[in-house]
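> fold the stuff below for me.
(2 chains)
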Amino acid sequence: TQLLEQSPQFLSIQEGENLTVYCNSSSVFSSLQWYRQEPGEGPVLLVTVVTGGEVKKLKRLTFQFGDARKDSSLHITAAQTGDTGLYLCAGASWGGTSYGKLTFGQGTILTVHP
Amino acid sequence: KAGVTQTPRYLIKTRGQQVTLSCSPISGHRSVSWYQQTPGQGLQFLFEYFSETQRNKGNFPGRFSGRQFSNSRSEMNVSTLELGDSALYLCGSRQGETEAFFGQGTRLTVV
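Modelled structure (predicted):
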């Protein structure tokens, strides 16, 4: 069974601060996605990382995929109140019994205070 | 291009009843997957369909079933509803071995 451990579970910071969210697993994933979800809505895709060691930037958000494709991180620089939400990492596998299944982390609830 | 459409958005059902949820994937996407999201368990994989065939299934009881039609639209059914089935049910749409895009979900409340 594949598992993704996401930390921290809760993050409460002031506007302008930096933060990092981590996703770790003992399993190798073909790719890893990061989503952001608002209450009562579906997850919205932020980024997909595929190659080990890959770094992607989306404005103030920086995503990294570990060299062994077992872990990933999301770093937000100078957080804004609009960044508030639930952040989810999800690993995808295209082989064996996990084909097509996304394994989700438990999520990080981020609250950015003005 | 329209996104993933799930209907209905909200449902209230009584224990013991059954319910059918619908999902229309992004045009051209042939893979549809279903997830259950609860505060305690997070997002749990239910099943995935491709070309009308169930390709993978999660660890849920047989009361949870689904199907996919020739136009890639999918439905999931839950029979003999239990209070613990109350959740946000999410449908994901995918084209090939790529990322999944999700609908807004159906909020099911069992009373």
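
> alpha carbons only for contacts and neighbour counts from here, please
Fine.

> show me where chain B dips below the pLDDT cut-off.
Applying pLDDT under 70 to chain B picks out residues B:1.

> can we see that at 90?
Applying pLDDT under 90 to chain B flags residues B:1-2, B:40, B:96-98.

> shaky segments in chain A?
For chain A, the stretches with pLDDT under 90 are A:1-3, A:40, A:93-100.

> give me the residue from it nearest chain B.
Relative to chain B, the nearest point of chain A is A:Gly42 (4.1 Å; Cα to the nearest Cα).

> hmm, that residue is touching B:Thr106, no?
No - using Cα atoms under 8 Å, A:Gly42 is not in contact with B:Thr106; the gap is 9.1 Å.

> need the overlap of contacts for these two.
Counting by Cα atoms under 8 Å, 6 or more residues apart in numbering or on different chains, the contacts common to A:Gly42 and B:Thr106 are B:Leu90.

> what does stretch A:19-26 rub up against?
A:2-8, A:70-77, A:79, A:89, A:105, A:108.

> chain B next: which of those are close?
Among the contacts of stretch A:19-26, the residues that sit close to chain B (Cα under 8 Å from any Cα of the partner chain) are A:Gly105.

> what are the contacting residues of stretch B:69-79?
B:16-25, B:29-32, B:34, B:50-52, B:63-68.

> of those residues, grab the buried ones for ChimeraX.
To isolate the buried members of the contacts of stretch B:69-79 in ChimeraX, using 16 or more other Cα atoms under 10 Å in any protein chain shown:
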select /B:19,21,22,23,24,25,29,30,31,32,34,50,52,64,65,66,67,68
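
> residue contacts, the closest residue to A:Arg60 other than its chain neighbours?
Distance criterion Cα to Cα, 6 or more residues apart in numbering or on different chains; nearest residue to A:Arg60, sequence neighbours excluded, is A:Thr77 at 5.3 Å. If you count contacts by Cα under 8 Å, 6+ apart, A:Thr77 has them with A:16-19, A:60-61.

> now these: which count as buried?
A:19, A:61.

> restricted to helices, list the contacts of A:Thr77.
Assigned to helices by DSSP state H, none of the contacts of A:Thr77 qualify.

> what segments of chain B are strands?
Secondary structure of chain B, counting by DSSP state E: strands at B:5-7, B:10-13, B:19-24, B:31-38, B:42-50, B:53-57, B:64-68, B:74-78, B:87-94, B:101-102, B:106-110.

> which one of these is the most hemmed in?
strand B:87-94 (a mean of 26; mean count of other Cα atoms under 10 Å in any protein chain shown).

> and the angle from that strand to strand B:31-38?
If you take axes from the mean of the first three to the mean of the last three Cα atoms, to 10 degrees, strand B:87-94 sits at 160 degrees to strand B:31-38.

> which parts of chain A sit against chain B?
Contacts of chain A with chain B, taken as Cα under 8 Å from any Cα, map to A:33, A:40-45, A:48, A:94, A:97-107.

> ok, 10 Å please
Proximity of chain A to chain B, by Cα under 10 Å from any Cα of the partner chain, involves residues A:30-35, A:37-38, A:40-45, A:47-50, A:88, A:90-94, A:96-107.

> buried subset of the residues you listed?
The buried subset of these - by 16+ other Cα under 10 Å - is A:30-35, A:37, A:41-45, A:47-50, A:88, A:90-94, A:98, A:100-107.

> in strands, which of those residues appear?
Filtering those for strands - DSSP E - leaves A:31-35, A:37, A:44-45, A:47-49, A:88, A:90-92, A:102-104.

> how far away is A:Asp67 from A:Pro114?
For A:Asp67, the distance to A:Pro114 (Cα to Cα, to the nearest Å) stands at 36 Å.
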